[in-house]
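A.B. asks: quick one, structure for this:
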Amino acid sequence: MARITPLRILLLSPLFYLGLILLWVGLPSPNASWSDEASGHLWRGGSVTRVYDIDDFFSWNDPLPSVHDARGTGRRSFAVEYSYARGTSQFFVGSGRSAHSFNLTALLSSSSSVSILEVFTVRCKTGDEDGIDLPWFTQADATLLFWEIHRNVAYVPLRLRVVQHDEKRAVEVLAQSSVLEANHDSPDVVPLLTLTFDAAVSQQNGQDQIAFHAHFPKDPRNSSPSRTFDVRRAISAILVPTWFFIEAVMNVIGAPIFFIVQIILFALTLLGCYVVLVLGYWKREGSPAFWPWARNFLLTSRIAVYLEPKLTARPGEAQKDSGDDGSGDEGEDSDRGQQGPQPLTSVWAFFRSSSPLDDLFVTFEITRGLVQPLSLTRRQERVGDEESRLEHGSSTGIEGRDGGKEISTTTRTGSADNGEKSSGTSL
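C.D. replies: Below is the predicted model:
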């Protein structure tokens, strides 16, 4: 049975984060079923988030101040949320307190050929497609995941326009611009969303509420979140705070760690020079057997005591430990499984150990508690020891009583024999 220790529980944390990172990288991004045709989803009361490229709708050289404010974050994409309430026929653009609502039935019932409403402002999420986002993420996923970290928002100016399309009235959600300001029915303005009335669907439902079709621009630079977006957002909710915590800790202890690393690098440089020097002397001596030579060489005599392999440093010891038939290794493994981690006695013992980390931690008093079994396991072991002790005591008591009877019987028998001998003597 595997030993459950605090150290092994701590080692599960890196494995957990590694699994999250692999899932983040390899998770596919399939489109939602309503990605391009959101009519049914909106009609059933669902909300739709659409991400647009800001350069397609708000030109950088537009003179309107509201357009400059919309581009003020410097992000490349913005997201607009749409929803519909069938009970009141209210259509919502945006989310939260900044959402703008209008009665869809009243707009589509308007008698004018072209009508345009006043400008309204919607608070929108903005983002880019870099940072923690990978190149194969969709535009919508990348933008919204970017926003989860940086939380940049823009106040986007929009307008509604009611027009006639092929004998059908339509409501268009437009981005405010100087072109639209000059010509309300300009065909050069591409709507963010177009809602067209469908009388056939309305008759099939048998209700007074209208049915509609929702159309998004055909430009590929606008999209909705994929089906796996929520999974990636949940992963980022774990990874991002952890990264910020590590970054904050590194800002505090970064300088000491850098200093320690420099010391280690300097020590490794000295070690490399030392190894080259020793090998040079060894080569000059004619390359004799290394370990016997190292025991007698001034620069390596003390170190050889710790680094020399057993087979060279102590002849015959390996045979005594392992046996000629190789059964010693199996006995050592079985003893190790019963005794648990053992303190390291040399550097090579770390590499020969089957559980090097456990042996390393048990070597030092300050880290020994990390490789001890958890309290629940120790409590169960103590209960088992007490039960075995009680069973052993009971069996000892029974044997003692039986032995006492045998001694008493033997004594009485011996006494009787002595009596008969005495009688025989007197006669």
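A.B. asks: lowest confidence element among the helices and strands of this structure?
C.D. replies: The helix or strand of the chain with the poorest confidence is helix 310-313; it has a mean of 41 (mean pLDDT, DSSP states H and E).
A.B. asks: the strands in this protein, which residues?
C.D. replies: Under the criterion DSSP state E, the chain carries strands at the ranges 47-53, 77-85, 90-93, 100-103, 115-116, 120-127, 153-165, 168-175, 193-197, 212-215, 222-223.
A.B. asks: going by mean pLDDT, which of those strands comes out lowest?
C.D. replies: When mean pLDDT is averaged over each of those, strand 115-116 scores lowest at a mean of 74.
A.B. asks: go ahead and confirm Ser39 touches Phe212.
C.D. replies: Yes: in this structure Ser39 lies within contact range of Phe212 using CB atoms under 8 Å: 6.5 Å. For every residue, glycine as well, the C-beta is placed using N, CA and C.
A.B. asks: between the two, which one's more packed in?
C.D. replies: Using other CB atoms under 10 Å as the criterion, Ser39 and Phe212 rank with Phe212 on top: 23 against 19.
A.B. asks: what bridges to that one?
C.D. replies: Counting by DSSP bridges, Phe212 forms beta bridges with Phe197.
A.B. asks: so it versus Leu11, what's the distance?
C.D. replies: 56 Å (CB to CB, to the nearest Å).
A.B. asks: any weak-confidence spans in the stretch 151-300 of the chain?
C.D. replies: By pLDDT under 70, the low-scoring segments of the stretch 151-300 of the chain are 165-166, 198-210.
A.B. asks: and the helices in it?
C.D. replies: Applying DSSP state H, counting those that start in this stretch to the stretch 151-300 of the chain gives helices spanning 178-182, 199-205, 229-284, 290-296.
A.B. asks: export these as CSV, with columns for mean neighbour count and distance to Ala85.
C.D. replies: Shown next, in CSV, are those (neighbours: other CB atoms under 10 Å; distance: least, CB to CB, whole Å):
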stretch, mean neighbour count, distance to Ala85
helix 178-182, 13, 27
helix 199-205, 12, 15
helix 229-284, 12, 23
helix 290-296, 15, 85
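A.B. asks: of all the ones you listed, which lies closest to Glu172?
C.D. replies: Between Glu172 and the helices of the stretch 151-300 of the chain, the tightest spacing by CB to CB is seen for helix 178-182, at 10.5 Å.
A.B. asks: distance check, Ala170 against Tyr274.
C.D. replies: According to CB to CB, Ala170 and Tyr274 sit 83 Å apart.
A.B. asks: same deal with Val48?
C.D. replies: Counting by CB to CB - Val48 and Tyr274 are separated by 69 Å.
A.B. asks: what of Ser346?
C.D. replies: 19 Å.
A.B. asks: Pro256 now?
C.D. replies: Pro256 sits 27 Å away from Tyr274, going by CB to CB.
A.B. asks: ok, Phe351 next?
C.D. replies: From Phe351 to Tyr274 the distance is 21 Å (CB to CB).
A.B. asks: right, I'll call it a day here.
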